[in-house]
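J.: following is a predicted model, sequence given first.
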Amino acid sequence: MKKVVLFTASFVGLCITSGWSQWQTRIGVNALLLPLRTLEVTAEFKRHPWYSLTLNTGYVAQSGYMGLGEIKVDDMIRERSTSGFFTKVGGRLYLLSFSGKELATNVFIGAQFLGSSYHQKAILRRQTMDADGGITFSPVPVKASGILAGAVFTGGLTFNVSKRFQLDAGVQYGLPARRSDYIGSIDRNYQTGFGIIRGGKNRTSLQGLIVLSYLL
């Protein structure tokens, strides 16, 4: 936890001391992810009402989140948790401000490159058959780790809460690189920065965002 606090403080300090004097800087937190043991700090650098540069970073602390609904296929994995850092770099367009007018409510779309590390651990229920044909299950600790990269796309609405506070509400759609070393099924696998990964022919991820930001 100490490393997370120091990393976040360093990130915020870097944004505050950046030399872009003509760019407005906003620092925020994705509050929607906090119950999932995920801290995502956002930074937005804006020079014109219709576009901005974005830089996000964060940490997942042993999250056991597996999405909503029931899992159809039992992968024999129990107590799975995921941890790791992630960083996103990209930009955003405000669709109602192409004329250069700053609006209190706006529509945005964005794109970012995402790089992250993940460390997973879980208990595998290993199935064995005894001499009498009976089936027993024994718990076996398993681990996995690696680097994940890909692209994410965002869209949603922004609302000016006050002169300095802004609220963003939207969704993030991700295209993570294909990997086969996650623990358990790839479907409903929570990954750092991407959110819940969906299996299938075209692997994608989905995550919500509710960001409260402050204008420095």
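T.: On my side now, so go ahead.
J.: residue boundaries of the helices in this protein?
T.: For the chain, applying DSSP state H gives helices covering 2-16.
J.: least trustworthy helix or strand in it by mean pLDDT?
T.: Using mean pLDDT, DSSP states H and E, the weakest-scoring helix or strand in the chain turns out to be helix 2-16, at a mean of 55.
J.: wait, doesn't residue 161 sit right on residue 167?
T.: Yes. Between residue 161 and residue 167 there is a contact under Cβ atoms under 8 Å: 5.3 Å. (Glycine included, C-beta is placed from N, CA and C.)
J.: more neighbours: those two, which one.
T.: A count of neighbours by other Cβ atoms under 10 Å puts residue 167 above the other of residue 161 and residue 167, at 16 against 12.
J.: can you give me the buried ones in stretch 86-97?
T.: Within stretch 86-97, the residues scored as buried using 16 or more other Cβ atoms under 10 Å are 86-88, 90, 92, 94, 97.
J.: least confident of those residues?
T.: Within the buried residues of stretch 86-97, pLDDT reaches its minimum at residue 97, with 92.
J.: and it, what does it touch?
T.: Residue 97 sits next to 49-50, 103, 106 when contact means Cβ atoms under 8 Å, 6 or more residues apart in numbering.
J.: which among the residues you listed count as buried?
T.: Among the contacts of residue 97, the ones that count as buried by 16+ other Cβ under 10 Å are 49-50, 106.
J.: how about stretch 31-46: buried residues?
T.: Residues 33, 36-46 are the ones in stretch 31-46 that count as buried (16+ other Cβ under 10 Å).
J.: which one of those sits closest to residue 154?
T.: Of all those, residue 154 sits closest to residue 42, with 10.6 Å by Cβ to Cβ.
J.: what's near enough to touch the closest one?
T.: Counted by Cβ under 8 Å, 6+ apart, residue 42 has contacts 26-30, 54-56, 211, 213.
J.: which residue would you name as the spatial centre of this structure?
T.: Most central in the chain under Cα atoms, centre = their mean is residue 193, positioned 2.7 Å from the mean C-alpha point.
J.: what's the closest of the buried ones among the contacts of residue 97 to residue 22?
T.: residue 49 (13.8 Å).
J.: quick check: closest non-adjacent residue to the closest one.
T.: residue 97 (3.9 Å; Cβ to Cβ, 6 or more residues apart in numbering).
J.: what about that neighbour, distance to residue 105?
T.: Applying Cβ to Cβ, to the nearest Å, the value for residue 97 to residue 105 is 11 Å.
J.: please apply the same query to residue 55.
T.: In terms of Cβ to Cβ, residue 55 sits 24 Å off from residue 105.
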